[in-house]
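Trainee: Here is a sequence with its predicted model. Questions after.
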Amino acid sequence: MEDLIGLFESEIRGVIRYDSFEYENPRNATHVFQGIQRLHKCHYRINVDKLDMGQVTLTRRTPFTDQELGQIEAALGALIIHLTNAFKYQADLSDDAVESLFLDDAWNRAVN
């Protein structure tokens, strides 16, 4: 997840000038912070199908223009697709891990 957020941060840095970038998601213990926090900020909560996928905050010394906010929002739209896939993948891994535990426990009982 941190690699995905890092990639997003580096891509958006090429489009928008900002002093700090932050992504937080307590649900999966992900926190990425780069830069120095400034007064002006834009903050977005990312929710898909009532699922909290975290929040992104950009800050800088001067206000963001409407055009810049539009560019940020378009980039977040692309990020949402990748976050959704990553969350689904993590959920599948978790389901596979649980299934593996059940299989290991059943095997142990059969052997013993």
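Mentor: Alright, I've got the coordinates.
Trainee: C-alpha only now, for contacts and for neighbours.
Mentor: Noted.
Trainee: Would you state the strands of the protein in chain order?
Mentor: All strands of the chain, identified by DSSP state E, fall at 20-25, 30-35, 40-48, 51-60.
Trainee: among those, which is nearest L69?
Mentor: Among these, the nearest to L69 by Cα to Cα is strand 40-48 (7.9 Å).
Trainee: The closest one: how far from the chain's middle?
Mentor: Put simply, strand 40-48 sits 11 Å off its chain's centre (Cα atoms, centre = their mean, to the nearest Å).
Trainee: Paired strands for that strand, with orientation please.
Mentor: strand 51-60 (antiparallel) (DSSP bridges).
Trainee: sorry, back to before: I'd like the strands of the chain laid out as CSV, including distance to I12.
Mentor: Shown next, in CSV, are those (distance: least, Cα to Cα, whole Å):
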stretch, distance to I12
strand 20-25, 10
strand 30-35, 13
strand 40-48, 13
strand 51-60, 10
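Trainee: Figure out which of the ones you listed is closest to Y89.
Mentor: That would be strand 51-60 among those, by Cα to Cα, at 13.6 Å.
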